[in-house]
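Asks: Turn this into a model:
(one chain, ligands or ions: 2)
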Amino acid sequence: MARRKVIIDTDPGIDDAMAIFFALCSPELEVIGLTTIFGNVHTSLATINALRLLEIAGRTDIPVAPGVAAPLASAYKGPVPYVHGEDGQGNTHLPPPASTPLARAAADFIIEQIMAAPGEITLIALGPLTNLALALRQEPRIAQHVREVVLMGGNAFTIGNATPAAEANIHNDPEAADEVFGAPWPVTMVGLDVTHQVIMDSAHLAEYARMNNPMAQHIHRILPVYVELYRLSGGLDGIYIHDSSAVAYVIDPSLFTTTAHPLRVDTSDGISRGKTWASVSQYRTLPPWQNRPPVTICVAVRGAAVVALELERLRHGLA
Ligand code: RIB
Ligand code: CA
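Replies: Ligands and ions are numbered 1, 2, ... in the order given. Below is the predicted model:
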């Protein structure tokens, strides 16, 4: 089986770390690079964490290209230590990485890889979409040459998590997200509509402690901060595995039910900034959505199967 080449754009992040390891342990995927972005932490720390995660996995052969430090049209809202810890990795304060990032910017790396292998590269975006939007602006032909874009973000038919209206990744750069959803490339949105149905409960999480590989052991160490957030905020006995759900979609889209509609992002400065609005009118397409491509939106998921797949892959270790 030919492995599908993927670039993961990420803001690690506890659930980003889980998603990256899930991808590295999956024989269907060949991770050809990580690109980094602000979100859970500043871009500089996201880059350091990406390098640290690849060192833990023993995959320092995979390049890391640093992304930009700020959204397209607004200021970065800052890190979220109450979600992912001061260091983005559950306050484990890992030593500095020995490896170094590429001297190339994330957008340049994305363009080079897609243009060098037309139709082969899938972008998996797990953070704000700024690097993707910049790559599109710089080289619009990547829209014709990418294989697929699968992103964790947004909320089409459910409430937000950063605000009542908006999901965190989209809220961090609504202008970039609106450009990504409006480009003529195949985009799948794995948003809160489904990730709130993918729950690893405390019994699942306890399995990581029993797995004898460095990736699972790292997940076990970083989890407590994230578990505590969900316990305090929603009384959940476990966590939503947002970012891993996007990886699961790339591995096995049959786990998801989808619909397709043009999407707009609210880029106003009102209280709904960052909300993803799908055009669901049965009768006509209203002006804001006219001439916009349909976006594949995940609306249902076999959550238990996603959780089982991720745990099985981590149990097995590097693919
Ligand atoms: O809303 C969930 C997203 O926000 C995930 O990508 C998580 O890592 C956080 O950044
Ligand atoms: Ca993320």
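
Asks: check contacts around Ala117.
Replies: Each residue near Ala117 by C-beta atoms under 8 Å, 6 or more residues apart in numbering is listed here: Lys5. Just so you know, the C-beta spots here come from the backbone N, C-alpha and C atoms, and that holds for glycine as well.

Asks: Could you report the pLDDT at it?
Replies: You'll see Ala117 listed with a pLDDT of 98.

Asks: do Gln290 as well
Replies: On pLDDT, Gln290 comes in at 95.

Asks: For the stretch 1-150 of the chain, what lies in contact range of ligand 1?
Replies: Taking C-beta under 6 Å from any ligand atom as the criterion, the stretch 1-150 of the chain approaches ligand 1 at residues Asp11, Gly13, Asp15, Asp16, Gly39, Asn40, Leu126, Gly127.

Asks: shouldn't Gln217 be in contact with Leu223?
Replies: No - look at Gln217 against Leu223 with C-beta atoms under 8 Å: they stay out of range, at 11.0 Å.

Asks: Show me which of these two is the more surrounded one.
Replies: Using other C-beta atoms under 10 Å, the more surrounded residue of Gln217 and Leu223 is Leu223, with 22 against 13.

Asks: The residues of the stretch 1-150 of the chain next to ligand 1 into a markdown table, with extra columns for secondary structure and pLDDT?
Replies: Below are these laid out as a markdown table (DSSP: H, G, I helix; E, B strand; the rest coil; pLDDT from 0 to 100):
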| residue | secondary structure | pLDDT |
| --- | --- | --- |
| Asp11 | coil | 98 |
| Gly13 | coil | 97 |
| Asp15 | helix | 98 |
| Asp16 | helix | 98 |
| Gly39 | coil | 98 |
| Asn40 | coil | 98 |
| Leu126 | coil | 99 |
| Gly127 | coil | 98 |
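
Asks: Any chance of a PyMOL selection covering the buried ones in those residues?
Replies: Per 16 or more other C-beta atoms under 10 Å, the buried members of these correspond to this PyMOL selection:
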select buried, resi 11+13+15+16+39+40+126+127
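
Asks: what's near enough to touch the spatially closest residue to Leu102 that is not a sequence neighbour?
Replies: Leaving aside its sequence neighbours, Leu102 sits nearest to Ala65 (C-beta to C-beta, 6 or more residues apart in numbering; 4.7 Å). Ala65 makes contact with Gly33, Leu34, Thr35, Thr36, Pro101, Leu102, Arg104, Ala105, Ala106, Asp108, Phe109, Ile110, according to C-beta under 8 Å, 6+ apart.

Asks: Would you confirm that the first one contacts Val64?
Replies: Yes - in this structure, Gly33 sits in contact with Val64. The criterion is C-beta under 8 Å, and the distance is 7.2 Å.

Asks: neighbour count winner among the two?
Replies: Applying other C-beta under 10 Å to Gly33 and Val64 shows that Val64 carries more neighbours, namely 25 against 22.

Asks: What's opposite the more buried one in the beta bridge?
Replies: Beta bridges link Val64 to Leu34 when assigned by DSSP bridges.

Asks: any idea how far it lies from Thr43?
Replies: Separation of Val64 from Thr43 (C-beta to C-beta, to the nearest Å): 11 Å.

Asks: Return every residue with contacts to both of these two.
Replies: With C-beta under 8 Å, 6+ apart as the test, Val64 and Thr43 both reach Thr36.

Asks: What helix or strand is the closest residue to ligand 2 within the stretch 151-300 of the chain located in?
Replies: Per C-beta to the ion, Asp243 is where the stretch 151-300 of the chain lies closest to ligand 2, at 4.8 Å. Applying DSSP states H and E as the criterion places Asp243 in helix 242-251.

Asks: Show me the contact partners of that helix.
Replies: Contacts to helix 242-251, defined as C-beta under 8 Å, 6+ apart, come from residues 4, 6, 10, 13, 15-16, 18-19, 22-23, 26, 28-29, 122, 124-126, 148, 150-152, 188, 190, 192, 194-195, 198, 255-256, 298, 301, 306, 309-310.
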